[in-house]
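A.B. asks: Just the structure for this:
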Amino acid sequence: MNLYDRLVRFFRPLIRFFFPVRVFGLPETLSEEGLIVCPNHISFFDPLFLAILLPRNLTFMGKEELFSRPIIGKWVKECGVIPLSRNGGDAAKLRQAVRELKNGKILSIFPQGTRCRYPLCEEDFKAGVGMMASLAGVRILPVGIYAKNFKVRPFRKTYLYFGEPENFCADENLGKKEQALQITSRLYERIAELEERARLEAK
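C.D. replies: From the prediction side, this is the model:
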């Protein structure tokens, strides 16, 4: 059993006890092909929610600052997290992510790039996820996450609404950059719809 599996086994009962999660549309199985899991990002706990819920191991992309932190840095390295810089210049890491996807891995990417504790805004969505989906030719699993006031708190419900894995195709007559932007825009619309469903479940 690798470190990822051990951490999931350890944290699953703790997370479920302290953070009651309501889940809708969770896929029972996922095919062995590459896939990008894309939720909106409201808390530090979002990756843990995904890891304990989804039936296959995830490869996360995270800010490189995590790698220098005690304990957490060791964990993210051993769990295969792909580091990303806030200052850009991550072409090599993006190519690595595309290779992982083509090899059948599941990547979890927060298209907003950082935690956003306010209603979804399309301007926050980064085109990198659209570029990866286009280059790797994989589907995207959108997820909407919602908690009251966009703050995840112990013993308060958090709502996760899963969509279906989708091919977010772009106009083939567009250039790669424009295709990535188009895919990202369509992904935003889908996640916004799922977040709204999660929000309605919270009422």
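
A.B. asks: shouldn't K77 be in contact with R69?
C.D. replies: No - between K77 and R69 there is no contact under Cβ atoms under 8 Å: 10.9 Å. Yep, even glycine has a C-beta here, placed from its N, CA and C like the rest.

A.B. asks: now the strands for the protein?
C.D. replies: Using DSSP state E, the strands of the chain run over 21-24, 35-39, 59-63, 82-84, 106-108, 139-147, 158-162.

A.B. asks: Which of those sits closest to I191?
C.D. replies: Smallest distance to I191 across those (Cβ to Cβ): 4.9 Å, for strand 139-147.

A.B. asks: Would you mind writing the CA trace of that closest one as CSV?
C.D. replies: Coordinates of each C-alpha in strand 139-147 appear next as CSV, following Å, rounded to 0.1, in the frame of the first residue of the first chain:
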residue,chain,number,x,y,z
ARG,A,139,-12.7,14.0,-20.8
ILE,A,140,-13.3,16.3,-17.8
LEU,A,141,-15.4,15.5,-14.7
PRO,A,142,-16.8,18.8,-13.4
VAL,A,143,-17.7,19.2,-9.7
GLY,A,144,-19.5,22.0,-7.9
ILE,A,145,-18.6,22.5,-4.2
TYR,A,146,-20.6,24.7,-1.9
ALA,A,147,-20.6,25.5,1.9
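
A.B. asks: Report back the residue of this protein that's furthest from centre.
C.D. replies: Relative to the centre of the chain, and counting by Cα atoms, centre = their mean, the farthest-placed residue is N173 at 28.5 Å.

A.B. asks: weakest of the strands of the chain in terms of mean pLDDT?
C.D. replies: Of all those, the minimum mean pLDDT falls on strand 82-84 (a mean of 81).

A.B. asks: picking up where we left off before, closest one to R190 among the strands of the chain?
C.D. replies: Judging these by Cβ to Cβ, what sits closest to R190 is strand 139-147, at 4.5 Å.
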